[in-house]
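>>> With the input below, show me the fold.
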Amino acid sequence: MVLGKTSLSLATAAFILCGAVTSAQSAITCTQLFEQTNQANQDVETLKALFAKAEARADCDADFKRALGRKVSVAITAKVEAALKQGRKLEELEIDLIDSLHYYRHWQVLATLGDISDDRLNREEATKRYQQALDAIDDATLTKKAPSAATIKMIVGKAETARLLSQNYVAVPRTRGAPTGLGAPSIRGVVIKKVAVPITFEFGSADFTEKGTAAAQDLLSYLKAQGAPSITLAGHTDPVGSDAANHELSIRRAERVKEFLSAAEYAADIKIIGHGERQPFEPTNPEKYSVEELHQMSRRVELLR
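Below is the predicted model:
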């Protein structure tokens, strides 16, 4: 069974999560506890209790605790998978998926929670979950085997779409000070050549809205952190109005973002392109959205690296 829309089943996720938990991952004083986790199989409550014991002990090292957290998460997601096969709805099992994150941040669980939020039209929460999924994928300690490039790009697209439709701007997350999620220039070797930034403007003008200001400030923050020597800003509009007017407006809007970055002493070489209405944003499932939502997504500035 395919869970949500993220291409892999939770059973497959459980297989990825399990890996090989060797005795080398635990301190010798935790050997007995380790053996108990093996005996527990996938009994959720027993594994939770053993995890709590491990957390309370200083002699169980971080690798052991992380491995045990994986086992608890596997057991919970396997339980969810079984419930789905019995006819339960995914939304009814959301609390179990959230519970699994207390033990291990698996990218597929996070992406599935993003799908649930997106289906509820909670775009802000969906954006956060999709970006958390991208962050988890990019962490080789959490995700030893990365998903395919196509899957990574699919989650990036979902995150972009949700963020463009969110009423409030959702900032890119930071991990150990480095921008991740939609702010990352690459994710596990998959280069993100362009990303749609919801820098919004007042109708028919190049003046930032409140959301647009927040987006521009966040863009400035992570571009400075990354220090790219050159970038391109591409302005886009919706199809309302003439092609010539929209083309001119898209250039003015991209230029406004350049002025904002330059005024804040962002020293990179910044090129400007205006596409007007000619390159509308293309979500994965365009039929899912209203005409106004499609127009909203098209009104954007793209960052090209």
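>>> how about the helices of this structure, start to end?
10-18, 31-40, 44-55, 62-85, 94-100, 107-119, 123-138, 149-165, 210-226, 243-263, 291-298 (DSSP state H).
>>> mind showing which ranges of the protein have poor pLDDT?
1-29 (pLDDT under 70).
>>> how does it look with 50?
Applying pLDDT under 50 to the chain picks out residues 1-2, 7-8, 11-12, 14-28.
>>> re the thing from before, can you add mean neighbour count and distance to residue 200 and give the helices of the chain back as a markdown table?
Backbone N, C-alpha and C define where each C-beta goes, glycine included. Listed next are the helices of the chain as a markdown table, based on neighbours: other CB atoms under 10 Å; distance: least, CB to CB, whole Å:
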| stretch | mean neighbour count | distance to residue 200 |
| --- | --- | --- |
| helix 10-18 | 20 | 36 |
| helix 31-40 | 15 | 50 |
| helix 44-55 | 16 | 44 |
| helix 62-85 | 20 | 37 |
| helix 94-100 | 17 | 30 |
| helix 107-119 | 24 | 20 |
| helix 123-138 | 24 | 14 |
| helix 149-165 | 21 | 9 |
| helix 210-226 | 18 | 4 |
| helix 243-263 | 18 | 9 |
| helix 291-298 | 16 | 9 |
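>>> Go through those and name the closest to residue 191.
helix 149-165 (9.5 Å; CB to CB).
>>> what angle separates the closest one from helix 210-226?
140 degrees (axes from the mean of the first three to the mean of the last three CA atoms, to 10 degrees).
>>> middle-most residue in this structure, spatially?
residue 131 (1.7 Å; CA atoms, centre = their mean).
>>> Now for that one: which residues touch it?
By CB atoms under 8 Å, 6 or more residues apart in numbering, the contact list for residue 131 reads 159, 170, 172-173, 180-182.
>>> which two of these lie the greatest distance from each other?
170 and 180 (13.0 Å).
>>> So for the two, which residue has more residues nearby?
residue 170 (24 against 21; other CB atoms under 10 Å).
>>> What residues does the residue nearest to that one when sequence neighbours are not counted make contact with?
Excluding the flanking residues, the one nearest residue 170 by CB to CB, 6 or more residues apart in numbering is residue 127, at 4.1 Å. Neighbour list for residue 127: 114, 159, 162-163, 166, 170 [criterion: CB under 8 Å, 6+ apart].
>>> what does residue 128 give?
Neighbours of residue 128 in contact, by CB under 8 Å, 6+ apart: 114, 170.
>>> Please renumber the chain so that the first residue is 33 from this point on.
Done: numbering now begins at 33, and the last item shifts to residue 160.
>>> Surely residue 301 and residue 265 touch.
No - in this structure, residue 301 is not within contact of residue 265 by CB atoms under 8 Å, at 11.4 Å.
>>> Pick out whichever of these two has more residues nearby.
Each of residue 301 and residue 265 has its neighbours counted (other CB under 10 Å); residue 265 has more, 23 against 9.
>>> Tell me what the more buried one is bridged to.
residue 304, residue 335 (DSSP bridges).
>>> do residue 233 as well
residue 240.
>>> From residue 244, how far off is it?
Plainly put, residue 233 is 6 Å away from residue 244 if you go by CB to CB, to the nearest Å.
>>> domains in this protein, as residue ranges please.
Listed by automatic domain parsing, the domain ranges of the chain are 33-136, 225-337.
>>> Rebuild the ones you listed as JSON lines, extending it with distance to residue 155.
Below are those laid out as JSON lines (distance: least, CB to CB, whole Å):
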{"stretch": "domain 33-136", "distance to residue 155": "15"}
{"stretch": "domain 225-337", "distance to residue 155": "10"}
